[in-house]
Structure formats: C-alpha cells, structure tokens
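Colleague: Need a 3D model of the sequence below.
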Amino acid sequence: MSHTLEQFANQCHDFLKNSPGPSGRQKVAEALKDVLIDPVFIAKHLRPTTGEREIIYQDPELGFCILVHHYLGPKSSDPHDHAHSWAIYGQVHGKTEMRDFQKIEEASADKPGKVKVTRSYALTPGVAHLYNEGDLHAPERKDSTSLIRIEGTDMSKVKRLKYEVV
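Modeller: Predicted structure coming up:
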C-alpha cells in the first residue's frame with residue numbers, strides 16, 4: 001500500500017506530539033524508511049524538476065517540515081548542526097557520505113568553532129538518520145542524489161554558526 005503525504009504527516013505529528021524529544025523523532029525516522037522505498041510516493045513528490053530544497057509540508061501546530069531535495073551532480077556541505085532544531089535525513093536515490101564531528105572549540109557569531117571527525121558512514125536508499133540538536137555532521141555527494149528530510153523547524157529561517165575541521 002502506498003503512503004500519502006497527509007497520512008505520513010499525520011503519523012509524524014502524532015509521534016512528535018505524543019513523544020516529544022529524541023524518542024518521538026526516532027519513531028519518525030523509522031516511519032520514514034518505509035516512505036523512502038515507496039515508488040508511488042517518490043514518483044509523486046520527488047519529480048525530475050524537484051529542486052535542491054522544497055518544503056512539501058509544514059505542520060501548523062508543531063512547526064516541523066517535510067522537504068524533498070534533488071541534487072544534480074556533486075555537492076558537499078561544511079560541518080554544521082541544526083542550531084536549536086533537529087533533522088532526519090532519508091536517502092531516496094544515490095549515496096551520501098556523511099561525517100559526524102566532535103566539537104573541540106565553541107563557535108560564535110565572530111569566529112568559527114573547531115571540530116574533529118569522529119565517524120564516517122554512507123546513507124544509501126532506504127536509510128534514515130536522525131540528527132538531534134547539536135549533532136555536528138557534514139554530507140558529501142559525489143553524484144546526483146535525492147532525499148526526503150524532516151526538520152524540526154524551517155531551517156532556511158535559522159541562523160547557524162560556522163565550524164572548521166581541525
């Protein structure tokens with residue numbers, strides 16, 4: 001049976017409302033795994049014209065967002081966290097090499113923080129990974145990729161601090 005956006009969004013809402021914090025988010029990540037391999041859902045919401053960041057749902061009560069991303073060709077990001085929020089990355093197509101970091105020195109508005117790599121791993125189709133507040137990570141995509149991501153809030157409106165690898 002195929003998932004609908006409304007059905008999935010309601011499921012996420014219920015998990016997050018009934019279990020605020022990491023346990024509810026982990027339930028959302030587990031539910032996302034089924035959506036990532038649903039060809040009907042993917043065909044409807046991750047079209048060839050999908051851009052690098054498109055919000056397809058924002059919860060009116062809790063504020064979380066469901067986004068689709070399609071990256072053409074290689075793309076990488078510097079180490080970052082999601083400030084006061086969290087994110088769940090769900091891989092649909094391609095492969096994302098992810099690195100996690102430990103903070104060595106705090107960042108400020110005037111100066112980047114310092115971090116060191118603690119682990120590297122691959123996100124492949126069907127894999128969903130939760131990043132809680134303060135979890136530092138950096139994705140690298142060597143080819144085109146698609147993903148569904150869920151953010152605790154619309155991160156395009158959140159100022160984040162910069163970090164450098166030492």
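Colleague: Could you grab the helix/strand/coil label for residue 8?
Modeller: Following DSSP: H, G, I helix; E, B strand; the rest coil, residue 8 is assigned to helix.
Colleague: any idea how far the closest residue to it other than its chain neighbours lies from residue 44?
Modeller: Excluding its sequence neighbours, the residue lying closest to residue 8 (CB to CB, 6 or more residues apart in numbering) is residue 35, at 5.7 Å. Any C-beta I mention is one placed from the backbone N, CA and C, and that applies to glycine too. Using CB to CB, to the nearest Å, residue 35 is found at 11 Å from residue 44.
Colleague: This structure: strands as residue ranges?
Modeller: 54-58, 65-71, 75-76, 87-93, 96-105, 113-123, 128-131, 136-141, 145-151, 163-165 (DSSP state E).
Colleague: Tell me how far residue 35 lies from residue 130.
Modeller: 15 Å.
Colleague: Could you pull out the buried residues of stretch 29-48?
Modeller: Across stretch 29-48, burial judged by 16 or more other CB atoms under 10 Å covers 29, 31, 32, 35, 36, 38, 41, 42, 45, 46.
Colleague: want to throw those into a markdown table with pLDDT and distance to residue 84?
Modeller: Formatted as a markdown table, the buried residues of stretch 29-48 follow (pLDDT from 0 to 100; distance: CB to CB, whole Å):
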| residue | pLDDT | distance to residue 84 |
| --- | --- | --- |
| 29 | 98 | 19 |
| 31 | 98 | 24 |
| 32 | 98 | 22 |
| 35 | 98 | 26 |
| 36 | 98 | 26 |
| 38 | 97 | 31 |
| 41 | 97 | 30 |
| 42 | 97 | 30 |
| 45 | 97 | 27 |
| 46 | 95 | 28 |
